[in-house]
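# My questions concern the predicted model and sequence given below.
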Amino acid sequence: MLIISMVEKVYYSYEELDKLCRDNGSIIKKEFNPDVILAIGGGGLIPARILRNSIDVPIYVITMSTYDENNVSIDEPRIIQWMDFSILRNKRILIVDEVDDTRKTLKYLVEKLTKEEKLLRNNLGFFVLQNKKKNKTIELNKLDVGYYKSGENVEDKWIVYPWE
Ligand code: 5GP
């Protein structure tokens, strides 16, 4: 991990993220044992694929953004592509994103999946590569999902991923 202090950016390599996914994949399999992986695109796509080396289950994809078409940060996450969740009812779903920053995205997703799609809160698990240590829009105990794991808890700096 290369830290450039002037701009407060942290750069990760593919090798570091690959190791985070592989190390955590086997733990998640034991602790949560998901039936499917749900990748949140774009950032969750590559981590989800690497995780499948340890958790050999089908990958589904939705895409979301917390930025509008002009790249301006927005309050409510925007759905770019959704899917038919009726095929995942009663399945244990590991939702994969690259980073838990404000937790806006996870909160929005859990509410939508439980209220509109009628999925069970306990069947929802989360994996993020990095969880930023900061004030969140919701605490984990209030999010009240079946499982949550971060590859690591990091300082609140801007992370630059190798695929960017
Ligand atoms: P949230 O604030 O909802 O937890 O995060 C929303 C999204 O903002 C993440 O999925 C990610 O796409 C983006 N994001 C937040 N912090 C960072 C960061 O440090 N680096 C990058 N590359 N994206 C980030």
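Cool, got the structure.
# Give me the distance from stretch 109-119 to the chain's centre.
The gap between where stretch 109-119 is centred and where its chain is centred comes out at 16 Å by C-alpha atoms, centre = their mean, to the nearest Å.
# Name the residues that touch it?
With C-beta atoms under 8 Å, 6 or more residues apart in numbering as the test, stretch 109-119 has contacts from 40, 64, 77, 85-86, 88-89, 93, 95, 120-121, 124, 143, 145. Any C-beta I mention is one placed from the backbone N, CA and C, and that applies to glycine too.
# In helices, which of these fall?
Within the contacts of stretch 109-119, membership in helices is found for residue 143, as judged by DSSP state H.
# From the contacts of stretch 109-119, list the buried ones, please.
Of all the contacts of stretch 109-119 considered here, the ones buried according to neighbour count by 16 or more other C-beta atoms under 10 Å are 40, 64, 77, 85, 88, 93, 95, 124, 143, 145.
# Filter the residues you listed down to just the ones in strands.
The members of the buried ones among the contacts of stretch 109-119 that map onto strands under DSSP state E are 40, 64, 77, 93, 95, 124.
# So in terms of bridging, what pairs with the first one?
Per DSSP bridges, the residues bridged to residue 40 are residue 62.
# Near the ligand, which residues of this protein? Just list them.
For the chain, the residues in contact with the ligand under the definition C-beta under 6 Å from any ligand atom are 43, 66, 97-105, 158-159, 161.
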